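Chemist: Compute the structure for the input listed below.
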Amino acid sequence: MQHGAQTFQIDHCVKHLAFYDAPWLSLGLLGASTISVLYLRRDDMKIPLQF
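Modeler: Purely as a prediction, here's the structure:
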């Protein structure tokens, strides 16, 4: 019984995240790629980025 409830909770969480975070996920990926490009090119642009 406990296992079934836990599985349902996880499934519900996944559907909730998929529905609500899909628009934000693409923005997050865009932001991550922008940050990585800035990080990789920090020497070229002489910007002291610290990670």
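
Chemist: quick one: residue 41 from residue 28, how far?
Modeler: 20 Å (Cβ to Cβ, to the nearest Å). In this view, the C-beta of every residue, glycine as well, is placed from N, C-alpha and C.

Chemist: average pLDDT for whichever helix or strand residue 9 is part of?
Modeler: Using DSSP states H and E, residue 9 sits within helix 2-40. The average pLDDT for helix 2-40 rounds to 75.

Chemist: Going forward, count from 830.
Modeler: All set: I'll call the first residue 830, so the last point we hit is now helix 831-869.

Chemist: and residue 855, how many neighbours does it have?
Modeler: Neighbours of residue 855 under the rule other Cβ atoms under 10 Å: 10.

Chemist: and what of residue 868?
Modeler: Other residues near residue 868 come to 13 when the count uses other Cβ under 10 Å.

Chemist: Please list all residues in contact with residue 841.
Modeler: By Cβ atoms under 8 Å, 6 or more residues apart in numbering, no residues touch residue 841.

Chemist: do residue 863 as well
Modeler: Taking Cβ under 8 Å, 6+ apart as the test, residue 863 contacts no residue whatsoever.

Chemist: mind checking how far it is from residue 840?
Modeler: Counting by Cβ to Cβ - residue 863 and residue 840 are separated by 33 Å.

Chemist: again, but for residue 857
Modeler: The gap separating residue 857 from residue 840 is 23 Å, by Cβ to Cβ.

Chemist: And for residue 858?
Modeler: Using Cβ to Cβ, we find residue 858 at a distance of 24 Å from residue 840.

Chemist: Then residue 853?
Modeler: Between residue 853 and residue 840 the computed distance is 21 Å (Cβ to Cβ).

Chemist: next one: residue 867
Modeler: Separation of residue 867 from residue 840 (Cβ to Cβ): 38 Å.
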